[in-house]
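Novice: Got a predicted model here, sequence first, then my questions.
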Amino acid sequence: MTQMTLALIILIATIVLFIWEPWPIIVTAIGSSIVFAYTGIITVNDIFTGYNSTTIVLLAGMMVIGSSLFHAGITDLIGEKMVKVTGKSERNIILATLVVSCVLSSVCSNIGVMTAMAPW
């Protein structure tokens, strides 16, 4: 079996596990990295190099903050205020979200804005 075929099988299995989610997504992601190294497709030294990035730390931090805001009920308050301002029109809500995202993207990292504005 060629390395390309093996990599494709691992990738398909990873996608299926992401969708099915029998384990937490982080376990699947790290597990697939380890499988890639175990099969010799990448070197052992390169397993976690992709996780050594400020973007990954930013995403993890934003997910923690977003989850905290959600569980504290702050996102519900923001949603209620947004509905009061825009009305119950889906088009107006999407437009308001777009404007807020554009304003935030002008001063923040695009990855951080995407994480903050993505629905849960």
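Specialist: Arrived safely. Residues are numbered from 1 along each chain as shown.
Novice: and for the lowest-mean-pLDDT helix or strand in the chain, what are the contacting residues?
Specialist: Of all helical and strand segments in the chain, the minimum by mean pLDDT, DSSP states H and E falls on helix 110-117, at a mean of 74. Contacts of helix 110-117 with the rest of the structure, by Cβ atoms under 8 Å, 6 or more residues apart in numbering, involve 55, 58-59, 62-63, 65-66, 97, 100-101, 104-105. Placement of C-beta: from N, CA and C, glycine included.
Novice: go again using 10 Å as the cut-off
Specialist: With contacts defined as Cβ atoms under 10 Å, 6 or more residues apart in numbering, helix 110-117 is touched by 54-56, 58-63, 65-66, 69, 97-98, 100-109.
Novice: Show me those that map onto helices.
Specialist: 54-56, 58-63, 65-66, 69, 97-98, 100-107 (DSSP state H).
Novice: From those residues, keep the buried residues only.
Specialist: Buried by 16 or more other Cβ atoms under 10 Å: 59, 62, 66, 101, 104, out of those.
Novice: Good, we can wrap up now.
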